[in-house]
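> Sequence and predicted structure below; questions after.
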Amino acid sequence: MTSSYQYTPYIWPMVTGAGLVAALGIYSWRHRSVPGATGLALITLCWVPKLLASALELTVRAFPTKVFWFQIEYSCLLPGLAAGLVFALEYAGLETWLNRRTFTLIAISILISAPLYFTNNLHHLVWTHLWTDGKIQYHSGVLNYVLGGYGVSLSVVTLSVFLGLFIQSPLHRWPVGLILLNMFVVRGLWFLDAAGLNPIKPLGLADVAANFSSVVYFLVLFRFRLFIVVPVARNSVIEQMHEGMLVLDAETRIMDLNRAAAELLGVAKAKVIGREITQVLGAYPDLLKRVLSPAAMEDEVWPGNGRCYRVHISPLANRRGFRLGKLILFYDISEEKRTQKQLQDHERKLASLGEREWLARELHDGVGQVLAAAHLQVKSASEFLARGQVIGAKTSLTQLAEVIREGKAHVGEYLFGVKSWSSNDQFFNGLRRYVTNYGPNAGVRTELVLPPEIERSSLGEAIETQLQRIIQEALTNIRKHASARSARVIFALEDGQVGITIEDDGQGFDPEELKDSEGFGLRSMRGRAEAVGACFEVKSSPGNGTQVIVQVPWRKGEA
């Protein structure tokens, strides 16, 4: 194709715009790993040939050549609008919409439209008549309205994506706001040009606007850091978090939530943004109650399906202290809870095995001694009778009766503890019932001192099992040996430990006398305490009562 071209100063707005747009394209392509950069590079790839074709159209004299450059210029419009939609979806984090179906629909429309422009002389469906007044003018055909409507649809979708991002993400507000301003200005100039209200003919208003768009995008890229990694990283991190995140405004409307929170609540993000939290959490009344509480808190919730979450709720405020809303984080601790339960079950089994071992030892040392003593008295009585010594036999039988009474009392004490303190009880409930029943049975006024913060917690299965037996043994010793009027079981917090004191106002004894020959009961209590890493001590003096003191670790907050 040969024709003559002539210089005209009208080409400079397009040439300058093409240079600026090309620079934007090169910069975007170099940062194509950042979401949105590839889309912006595609936009510039369409606009550079459009602007150059528009400039060449002004310089060429021959009408057919003008029509050729006009066709090139027009062929770049729909691809440019499609690239704008790709840019918007990428930058807004809606890459899931950029699937094969979307690309196919866009590609088919573009591949169909381009041949129609260059074969219009055969069908006249795009333009019915062309003429020139410096640039090509036309009367639209039927397909031009269809293709124009398709282009408007692409623009509307792109505009909607950016408006949604502008509303939902304060972090993107400045750059997205400038992009929206550019879109309104450029689309407005297009409509003015199409309506014949162009005051700068033969220049096209949209072509001149390319310089304005370039300035806007340079400002967005280099002043407001459109492709800075922080917002991109923030979005990626938040969406990839295993923890759920929910953001409410001051009116408890949902402003944002990540994928994990949406899956936890069983909702779609697009459907709950902007809705009142009461409308979304209706199926989770316990969680809703915590969310609506004005105070910051951390608690555990069980929304169902065997899952457990630690929920952290904190208020959001600006630098001046004005309340903006709330941040709610959900930490999935289901595995932790399962592991904790397994450990508790294992601890319970170990405690049960340990208790069996202690029971066997106690039966051997306690009941076994009673039976050995009874056997000895029976044997002595038999020998006395064989020698005709009735008085000796009577003494042995009396002692046998005392041994049997002591054995019965020992077994009865154990059975009393079993009946009063069931293994199915929560430890402190069983302790309270046991102490309450112990007083009337032993004839000793008994009191339990238990701070609420300790009662609401757990000392651990193994420790509680051994404490139960230590307290029972200590109270049994008070009944049997102390001649006391009153006794107290006292729990207290002491330097990160729980101190348990079983004290009485009885006759007491001299601990020095028992150093080398500690009784079975004291040995049993000391052994139980040491088995769980607790400290054990006995304080007493003749006439001043006795204190049995045990110190165990304080496991605050365990349920």
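Good, I have the coordinates.
> those strands in the stretch 51-200 of the chain, which residues are they?
All strands of the stretch 51-200 of the chain, identified by DSSP state E, counting those that start in this stretch, fall at 127-132, 136-140.
> Distance from the last one to the middle of the chain?
I take that to be strand 136-140. For strand 136-140, the separation from the chain centroid amounts to 60 Å (computed by C-alpha atoms, centre = their mean, to the nearest Å).
> Pull out the buried residues from it.
136, 138 (16 or more other C-beta atoms under 10 Å). Where C-beta positions appear, they are placed from N, C-alpha and C, glycine not excepted.
> helices and strands around that strand, which ones?
Where contact means 3 or more C-beta pairs under 8 Å, 6 or more residues apart in numbering; DSSP states H and E, strand 136-140 is packed against helix 63-75, strand 127-132.
> So what touches that strand?
Here strand 136-140 makes contact (C-beta atoms under 8 Å, 6 or more residues apart in numbering) with 57, 66, 67, 70, 126, 127, 128, 129, 130, 131, 148.
> ok, and the most crowded of these?
Highest neighbour count within the contacts of strand 136-140, by other C-beta atoms under 10 Å: residue 57, with 26 neighbours.
> hang on, the earlier thing: any chance of the contacts of strand 136-140 in a markdown table, plus distance to residue 283?
Rendered in a markdown table, the data for the contacts of strand 136-140 read as follows (distance: C-beta to C-beta, whole Å):
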| residue | distance to residue 283 |
| --- | --- |
| 57 | 63 |
| 66 | 66 |
| 67 | 65 |
| 70 | 61 |
| 126 | 55 |
| 127 | 59 |
| 128 | 61 |
| 129 | 64 |
| 130 | 64 |
| 131 | 67 |
| 148 | 47 |
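> Could you single out the nearest of these to residue 30?
Distances from residue 30 to those, taken as C-beta to C-beta, are shortest for residue 57 (31.1 Å).
> quick one: secondary structure of residue 303?
strand (DSSP: H, G, I helix; E, B strand; the rest coil).
> what residues are up against the nearest residue to it once chain neighbours are set aside?
Closest residue to residue 303 apart from its sequence neighbours, by C-beta to C-beta, 6 or more residues apart in numbering: residue 284 at 5.6 Å. Shown in contact with residue 284 (C-beta under 8 Å, 6+ apart): 265, 301, 303.
> same thing with residue 50?
Residue 50 is in contact with 72, 73, 76, 77, 80, counting by C-beta under 8 Å, 6+ apart.
> Next one: the residue nearest to residue 303 relative to residue 267, how far apart?
11 Å (C-beta to C-beta, to the nearest Å).
> coming back round to it: can you put the contacts of residue 284 in a markdown table and add pLDDT?
Formatted as a markdown table, the contacts of residue 284 follow (pLDDT from 0 to 100):
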| residue | pLDDT |
| --- | --- |
| 265 | 83 |
| 301 | 80 |
| 303 | 75 |
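> what's the closest non-adjacent residue to residue 506?
Excluding the flanking residues, the one nearest residue 506 by C-beta to C-beta, 6+ apart is residue 482, at 2.9 Å.
> Residue 247 now?
residue 256 (4.2 Å).
> coming back round to it: now for the contacts of strand 136-140: which two are most distant?
66 and 148 (21.4 Å).
> element containing residue 552, please.
strand 546-553 (DSSP states H and E).
> tell me which residues of that strand are tucked away?
546, 547, 548, 549, 550, 551, 552.
> which other helices and strands contact that strand?
helix 461-477, strand 497-504, strand 535-540.
> same question for the second one, mean pLDDT?
Right, strand 497-504. The pLDDT scores in strand 497-504 average 92.
> Now that strand: buried residues?
498, 499, 500, 501, 502, 503, 504.
> And stretch 329-345, by the same measure?
Buried residues in stretch 329-345, counting neighbours by 16+ other C-beta under 10 Å, are found at 329, 330, 332, 337.
> What of stretch 173-193?
Neighbour-count burial for stretch 173-193 [16+ other C-beta under 10 Å]: 174, 175, 176, 178, 179, 182, 183, 186, 187, 189, 190, 193.
> For those, give me a markdown table that also has pLDDT and distance to residue 206.
Shown next, in a markdown table, are those (pLDDT from 0 to 100; distance: C-beta to C-beta, whole Å):
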| residue | pLDDT | distance to residue 206 |
| --- | --- | --- |
| 174 | 86 | 25 |
| 175 | 88 | 22 |
| 176 | 90 | 22 |
| 178 | 92 | 18 |
| 179 | 92 | 17 |
| 182 | 91 | 12 |
| 183 | 92 | 12 |
| 186 | 88 | 6 |
| 187 | 85 | 9 |
| 189 | 86 | 5 |
| 190 | 83 | 5 |
| 193 | 81 | 6 |
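> Considering these, which is situated nearest to residue 492?
Comparing the buried residues of stretch 173-193 against residue 492 with C-beta to C-beta picks out residue 174 as the nearest, at 59.7 Å.
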